[in-house]
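Undergrad: Sequence below, structure please.
(one chain, ligands or ions: 1)
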Amino acid sequence: MRAKTMTLLLIILTLVLTACTNSHFKASKNTIAITPQQVGPGEIVDLIAENWSFNQKKYIVPAGEVTVNLINIEGFHGIEVQGTDISIEGDGSYTTTLEPGEYTIVCNIICGTGHNDMVATLIVEEV
Ligand code: CUA
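TA: Have a look, this model is predicted:
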């Protein structure tokens, strides 16, 4: 009789813990994905990196002062925006002035089998 009660309690506890873990995981992923927005002068671009992709294939900003933030949510990645001076390794920010054009974003840290897939485009539009 006692053994049955204990087993039942264990099952309930496991179910509750599993449910909590899942919802926490989803909530934190959503919180990170919502962050991109403009704050103050200049434009802010948030790139979120995981194994082995960025959160968007294309990022669009108006020309001028741009701050790029890199946030790693899985693995350890960096970015280099070819044709600009933007270079970040791991989590960090870089502010620079960008001319209109189309720039290729690549991961600049050898991060594993999908390293070469970590490519995106930064489109800087004329204002
Ligand atoms: Cu990510 Cu290389």
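Undergrad: Please parse the chain into its domains.
TA: 1-40, 43-125 (automatic domain parsing).
Undergrad: Now the first one: average pLDDT?
TA: Domain 1-40 shows a mean pLDDT of 45.
Undergrad: Show me the helices in this structure, by range?
TA: For the chain, the helices defined by DSSP state H cover 2-34.
Undergrad: Show me what from this structure comes close to the ligand.
TA: Trp52, His77, Cys107, Ile109, Ile110, Cys111, His115, Met118 (Cβ under 6 Å from any ligand atom). C-beta coordinates here come from the backbone N, C-alpha and C atoms, glycine included.
Undergrad: Quick one: buried ones out of the residues you listed?
TA: Trp52, His77, Cys107, Ile109, Cys111, His115, Met118 (16 or more other Cβ atoms under 10 Å).
Undergrad: Torsion angles phi and psi at the fourth one?
TA: If I follow you right, that is Ile109. With angles defined as degrees, to the nearest 10, Ile109 sits at phi -120, psi 130.
Undergrad: who are the neighbours in contact with the residue nearest to it when sequence neighbours are not counted?
TA: Once flanking residues are discounted, Ile109 sits nearest to Gly78: 4.3 Å by Cβ to Cβ, 6 or more residues apart in numbering. Counting by Cβ atoms under 8 Å, 6 or more residues apart in numbering, Gly78 touches Leu70, Ser87, Ile88, Glu89, Gly90, Cys107, Asn108, Ile109.
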